[in-house]
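Peer 1: below are the sequence and a predicted model; questions follow.
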Number of protein chains: 2
Amino acid sequence: MKADCFDDALRELRERGFKLTPQRRAVLELFCSDGARHLTAQQAHDAIRGREPNVGLVTVYRCLELFTNVGILDKIKFNDGFDRYELHGGASGHHHHLVCTECGHVVEFGDCLIRSIERKLEKMSGFCIEGHWLELIGQCRECRERTEEDD
Amino acid sequence: MKADCFDDALRELRERGFKLTPQRRAVLELFCSDGARHLTAQQAHDAIRGREPNVGLVTVYRCLELFTNVGILDKIKFNDGFDRYELHGGASGHHHHLVCTECGHVVEFGDCLIRSIERKLEKMSGFCIEGHWLELIGQCRECRERTEEDD
DNA sequence: CGGTAAATGAAAACCACTTTCAATTATCAT
DNA sequence: ATGATAATTGAAAGTGGTTTTCATTTACCG
């Protein structure tokens, strides 16, 4: 549990005039806890329910939207049809995801590798590039080894 | 209009035992026409409606799915919530999209720039990378110039 | 505390997409 | 050609994640 991220977020909300409801605290606590990465609204709701049964899924959706607008969370999209959220910046700043097709294991990596591509493309296309989305899929080491054993 | 792509597709469908209905011909014609790139089902339906009013949106969805399974089309996903389709392989093979946030103008580019990143990541992560999805967004030259004029 | 505007929860709406099902039609055997 | 047959179609209903509506509750300020 990253206490300062939680306190910083509460302060940010208070300063902007938003009410600090138990529901919002519960969602914030979840996302400031260590294991919380790229969660869907449903996953967040399930995780919160145990501690705080009085939090509706709709409220979770609204918290996620609010926190994203305020800059506390980032909305990220895998190509699986679910909106996902994680702490803004996170431990490692802007990053991308490498997802295992077998077990769903996710590895994150920084975006320094993309910058050079962006510069090349800006020259080629005349675009001023503002952002990018990169997701890679494959098989993680564990799943590859298990698959080989099965043969 | 790429006549051979159209004929090849018809032959492929016939060989696999699918019926050559006017609806399927209309969808094929559209995707074999020169301007047809990364179309949504709705866009395809709108484009076809002019020539062939008797084609339902549902049928367009079914054609797109069938043609993708058969290998005539590729399904591609922008992060905008719409499934999009284009001719398999296309003129330029596997590629990525650079989308203008102002006018929606799309520039395509090949994936040779990604390969070196994939190799680095395989070493770092132990993953065997099978595929990737990259989309960049920004402002195209025209929109940037127009925006500057407005200031 | 008491007033007030913001926040919540349940239900309904949305929207892209898929499925169901009765009616139509391309294809093939005759 | 023609009729049999199974695939295909279109309309309507269903899905599933997300958003909106609206009456009720509640955090916050005075």
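Peer 2: Done, it's in. Numbering: from 1, shown residues only, chains lettered A, B, ... in the order given.
Peer 1: number of nearby residues for residue A:85?
Peer 2: The number of residues packed around residue A:85, counting by other C-beta atoms under 10 Å in any protein chain shown, is 26. Glycine gets a C-beta too; all of them are placed from N, C-alpha and C.
Peer 1: what residues does it make contact with?
Peer 2: Residue A:85 makes contacts with A:31, A:38-41, A:44, A:64, A:67-68, A:73-76, as judged by C-beta atoms under 8 Å, 6 or more residues apart in numbering or on different chains.
Peer 1: make a markdown table out of those and add neighbour count, secondary structure and pLDDT.
Peer 2: As requested, the contacts of residue A:85 are arranged in a markdown table below (neighbours: other C-beta atoms under 10 Å in any protein chain shown; DSSP: H, G, I helix; E, B strand; the rest coil; pLDDT from 0 to 100):
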| residue | neighbour count | secondary structure | pLDDT |
| --- | --- | --- | --- |
| A:31 | 24 | helix | 96 |
| A:38 | 18 | coil | 87 |
| A:39 | 24 | strand | 93 |
| A:40 | 17 | strand | 95 |
| A:41 | 20 | helix | 97 |
| A:44 | 23 | helix | 97 |
| A:64 | 23 | helix | 98 |
| A:67 | 24 | helix | 98 |
| A:68 | 15 | helix | 96 |
| A:73 | 24 | strand | 95 |
| A:74 | 16 | strand | 90 |
| A:75 | 14 | strand | 89 |
| A:76 | 19 | strand | 84 |
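Peer 1: residues from chain A in reach of DNA strand D?
Peer 2: Residues of chain A that fall close to DNA strand D, judged by C-beta under 7 Å from any atom of the strand: A:14, A:19-22, A:40-42, A:57-58, A:61-62, A:65, A:81-83.
Peer 1: neighbour-wise, which one of those leads?
Peer 2: Within the residues of chain A next to DNA strand D, most neighbours by other C-beta under 10 Å means residue A:41, with 20 neighbours.
Peer 1: is it true that it touches residue A:83?
Peer 2: Yes. Residue A:41 is within contact range of residue A:83, at 6.8 Å (criterion: C-beta atoms under 8 Å).
Peer 1: can I take it that residue A:7 is in a strand?
Peer 2: No. Per DSSP: H, G, I helix; E, B strand; the rest coil, residue A:7 lies outside any strand segment and is helix.
Peer 1: okay, now it: neighbour count?
Peer 2: Other residues near residue A:7 come to 12 when the count uses other C-beta under 10 Å.
Peer 1: could you measure from it over to residue A:25?
Peer 2: As defined by C-beta to C-beta, to the nearest Å, residue A:7 lies at a distance of 11 Å from residue A:25.
Peer 1: and residue A:36, by the same measure?
Peer 2: From residue A:36 to residue A:25 the distance is 14 Å (C-beta to C-beta).
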